[in-house]
Every structure is written in C-alpha cells, then in structure tokens.
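*Asks:* Return atomic coordinates for the entry below.
(one chain, ligands or ions: 3)
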Amino acid sequence: MSLPARPLRLLRGLRPVTVAAPEPDAMLLDWLRADGGHGTREGCGEGDCGACTVVVGELQDDALRLRAVNSCIRPLSSVDGCAVFTVEDLATPDGALHPAQQAMVDCHGSQCGFCTPGFVMSLFALYHQHGAQAPAGCVSREQAQDALSGNLCRCTGYRPILEAAQTMHALPARPLDTAALTAALRALRDTAGAQLRGATGTAWRPATLAQALRVRADAPDALVVAGSTDTGLWINKQHQRPAQTLDLGGVSELGRIRREAGGLTLGAGARLEDAFQALAADHPSVAGFLARFAGLPVRNAGTLGGNIVNGSPIGDSMPLLLALDARLTLASVRGERELPLSDFYTGYRRNRLAADELLTAVQVPAAPPGLRLGAWKVSKRLEDDISAVCLAVAVHCEGGRIVGARIGVGGMAATCSRAPQAEAALIGQPWSLAALQAGAAALRGEFTPIDDLRASAAYRTAVIGNLLLRLWDATEPGGEGLTGLRALAI
Ligand SMILES: Cc1cc2nc3c(=O)[nH]c(=O)nc-3n(C[C@H](O)[C@H](O)[C@H](O)COP(=O)(O)OP(=O)(O)OC[C@H]3O[C@@H](n4cnc5c(N)ncnc54)[C@H](O)[C@@H]3O)c2cc1C
Ligand code: FES
Ligand code: FES
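*Replies:* Ligands and ions are numbered 1, 2, ... in the order given. Coordinates of the predicted model:
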C-alpha cells in the first residue's frame, strides 16, 4: 500500500506545526514535554490519573469536536490533522487567565498543583462544550462530576474543583475562535491518507476505510490502533515497540452512528462516549451503567470496536451488547461478513477476526416494546475502575410470561459470554421474582470463575446471581425491598 509519506501535521492551539519523523510508538505527552510544554504532567502513564489531560480538537464529518483526553497513552501519530490544546494555550499573552483557570484560583481548587493542569484542561473542554456565552449556572453538579471523572487530586477533596466547574461561566466570557479553528483544521484535511515515517518504523494513517483495509491486507503485522486506551498501555507498561501501526483515528466512516428503523449501527471507531450516549438514548435504564465505564477522557478516546476486539473477559460493553443481541460487521479487501457478537470469541482474548480484517460496525437491533433491560457493574471503586463482575439482562414478556431472555456476563469466564442455562431457566416462566430466583440459581451454577485480586470465585458466583435479581428491583414498582439488594452493592 502506498499511502504518501509526509511529515505529521497538527495545530498547537491555532498554530500549525509539523513533526518530520514521528516514531510509531511516540506518545503525545512525551512529545509535548520535549517540545517545552512542561505544564502537562505525567503521573501514572496509564490513563488513570488525568495529570496529562489535554484537549484535542478535530473535525468529525466537518463538525468541530473538542475532547479532553489522556496524552500519556495517546500516540503522537493519532493527532495528525488535529488541534492540541494544553494548559500553556489558555492564558492570554498579557497573562489574563482563562475562566477555567481563574475559577480554580477563586475557588481554591489547587494545593500542591500537580493535578491542576489536567483538571484545568478538563474544565476547558467542559467550558467550551457549553459555550463561552452560556449563562452562569449552566453546568450541573452531575455534569461537573462526569467531566472530572478522569482526574485525580490527592489534596483538595474535590469540592472546590467542582465549584470551579460550576462557577466558571459567571466570569467574563472567553470565546474560542471556532471559525478560525475549523478553517485551520480543514486546511490540514488530507483525503489521501499518509504514512508517517520515523527512524524505527511507520505509522499508517489512512483517511478512508478503503485505504485502511488495503493497509491491513498489505501490512497484517501492523498493530491496529483506534483510541489507544488499551494499546497505549502495551507500549507504556509492557514496553512493546511496534515497528508499524495502523492508526484508524482518521477514518471518519468508522466513527459514524446511524439510527434506522431496524436499530442502531455504531461504527467500530465511534468513541465510547458517543456510542454510549446513543445506546442510553434508546435504553435509558442502562445510562447509569454506561457512565461507570472508565472516566470521561478514556471514553472520549476509546472506541467501541477497540473494547470488543481487545476482548477482555471484564470488558464492560460486551455484556450489554450480548444482551441486546448485537451483530458485528467484519470487513477486508475481500468483502464484508456479519456475525453475532455471541459467536465472535473463540477463547481468552481470541476471536474470529482474520489477519486482513477490521471490525467496522456493530448493529444493535431495535428493542421490542416493553423490553425489561438492566445492566450492572460491580467494582471496588464507583468511578474509573475495572469490573469484578458485570451482568446485563434483557427480558421480553408477552401476556405476563417470559418469551425471550438474553443474559450477557463479564468476569465469570475467559471471555464475556451469554448464559444459555440461565436464559433457558427464565424462558416460559411467568414474569415473577420466583422466575428470576430460578434464573439466578442456574446462573450461579453455570460458570466456574477464578479467584483474583478483584474478587474471589465464591464472591463472583454469589454476586452474579444477585445482579440478575436486581432486574426485579429495577423494573417492578415497589420491587425494591422485595429482594433487599439495592442497598447492598454498588
Ligand atoms: C484508565 C482506563 C480505564 C478503563 N476502564 C475500562 C472500563 O471501565 N471498562 C472496560 O471495558 N474497559 C476499560 N478500559 C479499557 C479500554 O478503554 C477499552 O477496552 C477501550 O474500549 C479500547 O478501545 P480503543 O479504541 O482505545 O482500543 P485500542 O487500544 O486502540 O485497541 C484495542 C485492541 O483492539 C484492536 N482494534 C481496535 N479497533 C479495531 C478495529 N476496528 N478492528 C480490528 N481491531 C481493532 C487493536 O488492535 C487492539 O488489539 C480502560 C482503560 C483505561 C486506560
Ligand atoms: S499520566 Fe496519569 S492519566 Fe496520563
Ligand atoms: S492539588 Fe495536589 S494533587 Fe491536586
């Protein structure tokens, strides 16, 4: 595949910059700091602390999106054609602070200051998502908490920072010149795709799906990278040094989300946050569950396809997608094929993707009226933590009887999977707590989970059944208290 070789081109704020020979494993944070941007900090190097948060601006189907992301796990090649804002870009040349910074000062939101640039960048993204002219009070407490869910602070106890988030729009407005930014990003747009060559290897950066499939066929050993929220850790923590990467971030077709009569089609490259908003709009009962996936900067970068292909047994989107009967589209230069998500995994982190294929889309069929749907994640921390177990259940009743049941579980086996025995125990039963109790008993007997740092096998077995009973609490008026479970687990 001969994508043209050229330097990496990005905007630092509004200023065009080129990088002549970026290495495929170079991370944005390291480049920013080497370039003199020492305001952006490195804490964990694995997307957990938010000290490295920057804001990336890009055109998604010509609409400007500004998102807070973790620069420590973000490949430098992935910001080709994007604008990167760091804490150095916020104050005006005469030193006047941006409202996101001034509010932190006014509310005493910083003590030792290590985390502060990262918080300020998350606030900067939140500020401009609402718009500089938005009225004071436009940011709710929940929105502030969600926007800051990927930032850790050891000093302040968070209240002052949340207050900064909720008061920054009361300060004199600081509009962003979005017209100039959009024009500058359009000028960088490159439909030809590119290969970005460093001394040690190449990052392939296709602009279309056809280019991406061609590269995949011609360079099957290139590490496919989407949001890099898993692969970034392989580089930073496992010291893997891919000689070639196939970076899908510039392929806008993969990021699209379509709602049609038959259901939702989520591009494999749809950011988790966008995909989850679409799923939550169709299924409000799982909105709280979806918000428990990582923190916002990881959901802003990570993709649905990356979660599915990574195939962790404790991946959180798969149990829900299994319960919703999702189907996958796999594509290569040879053509497309579809298969149910339930047939995708063949073992621990193994799947049916051929060496020349990419996952391109996830279809979620429209739910029948009255579907009872619930999903729950049990982890040690409420925010930004990994599941010990996860369960999603969809029950379809007609005339008071269960005529369909799909259960997706995570954390119980080598892969996320359905639970056919528990589903069979439910189907045909009258909709009742007794039916769910029978289903829970079958579910507890269906898997032999392992003991690990997150939970013991016995705990997992007990909890997975309890989570199924929660469907009663969640869907029956007055159901809470019958099982008594709502108060027990997160
Ligand atoms: C701090 C932190 C918290 C996290 N919390 C959670 C959590 O709560 N729940 C959870 O489930 N996960 C969590 N994750 C893991 C991660 O965010 C998800 O798995 C995410 O969805 C991965 O998507 P990505 O686009 O970043 O994938 P990448 O890292 O880019 O890729 C992951 C894998 O998928 C392959 N791949 C990606 N896209 C395609 C494609 N279209 N076709 C073929 N192969 C492809 C890559 O080659 C790689 O093998 C967390 C990660 C971090 C760093
Ligand atoms: S350094 Fe901790 S999230 Fe990047
Ligand atoms: S101010 Fe010290 S870690 Fe946040």
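
*Asks:* Spatially, what comes nearest to whichever residue of the chain sits closest to ligand 1 if we skip its sequence neighbours?
*Replies:* When scored by C-beta to the nearest ligand atom, the chain has Gly306 as its residue closest to ligand 1, at 2.2 Å. Glycine gets a C-beta too; all of them are placed from N, C-alpha and C. Excluding its sequence neighbours, the residue lying closest to Gly306 (C-beta to C-beta, 6 or more residues apart in numbering) is Ala226, at 4.3 Å.

*Asks:* helix, strand or coil for Arg9?
*Replies:* Per DSSP: H, G, I helix; E, B strand; the rest coil, the local secondary structure of Arg9 is strand.

*Asks:* What is the neighbour count of it?
*Replies:* As a burial measure, Arg9 scores 18 neighbours (other C-beta atoms under 10 Å).

*Asks:* what helix or strand does the closest residue to ligand 2 within the stretch 251-400 of the chain sit in?
*Replies:* With C-beta to the nearest ligand atom as the measure, Pro297 is the residue of the stretch 251-400 of the chain nearest to ligand 2, at 7.5 Å. Applying DSSP states H and E as the criterion places Pro297 in helix 296-301.

*Asks:* could you point out which element follows that helix?
*Replies:* From helix 296-301 onward toward the C-terminus, using DSSP H and E, the following helix or strand is helix 304-310.

*Asks:* what helices or strands is that following helix leaning on?
*Replies:* strand 263-267, helix 272-282, helix 317-323, strand 358-365 (3 or more C-beta pairs under 8 Å, 6 or more residues apart in numbering; DSSP states H and E).

*Asks:* any idea how far it is from the chain center?
*Replies:* Relative to the centre of its chain, helix 304-310 is centred 10 Å away, using C-alpha atoms, centre = their mean, to the nearest Å.

*Asks:* what does stretch 400-414 give?
*Replies:* 24 Å.

*Asks:* The residue nearest in space to the middle of the chain and Leu223, how far apart?
*Replies:* When C-alpha atoms, centre = their mean is applied to the chain, the residue found nearest the centroid is Arg299 (2.7 Å). In this structure, Arg299 lies at 22 Å from Leu223, with C-beta to C-beta, to the nearest Å as the measure.

*Asks:* With His38 instead?
*Replies:* Separation of His38 from Leu223 (C-beta to C-beta): 29 Å.

*Asks:* more crowded one of these two?
*Replies:* In this view His38 and Leu223 are compared by other C-beta under 10 Å, and Leu223 has more residues nearby, 21 against 13.

*Asks:* Flag every residue of the stretch 251-400 of the chain that's near ligand 1.
*Replies:* For the stretch 251-400 of the chain, the residues in contact with ligand 1 under the definition C-beta under 6 Å from any ligand atom are 268, 272, 293-294, 298, 302-303, 305-307, 309-310, 315-316, 358-359, 384, 386.

*Asks:* residue contacts, the residue nearest to Gln102 when sequence neighbours are not counted?
*Replies:* Distance criterion C-beta to C-beta, 6+ apart; nearest residue to Gln102, sequence neighbours excluded, is Leu171 at 5.5 Å. Counting by C-beta atoms under 8 Å, 6 or more residues apart in numbering, Leu171 touches Pro99, Gln102, Ala103.

*Asks:* Restricting to the residues of the stretch 251-400 of the chain next to ligand 1, which residues neighbour ligand 3?
*Replies:* The subset of these lying close to ligand 3, counting by C-beta under 6 Å from any ligand atom, is empty.

*Asks:* Can you say which of these are buried?
*Replies:* Under a neighbour-count criterion of 16 or more other C-beta atoms under 10 Å, the subset of those counted as buried comprises 268, 272, 293-294, 298, 302-303, 305-307, 309-310, 315-316, 358-359, 384, 386.

*Asks:* re earlier: and the helix holding Pro297, what does it pack onto?
*Replies:* The helices and strands touching helix 296-301, judged by 3+ C-beta pairs under 8 Å, 6+ apart, are strand 63-70, helix 272-282.

*Asks:* Adding distance to Leu433 and mean pLDDT, write those out as CSV.
*Replies:* Formatted as CSV, the entries for the helices and strands packed on helix 296-301 read as follows, by distance: least, C-beta to C-beta, whole Å; pLDDT from 0 to 100:
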stretch, distance to Leu433, mean pLDDT
strand 63-70, 43, 97
helix 272-282, 27, 98
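
*Asks:* Thanks again, I'm all set now.
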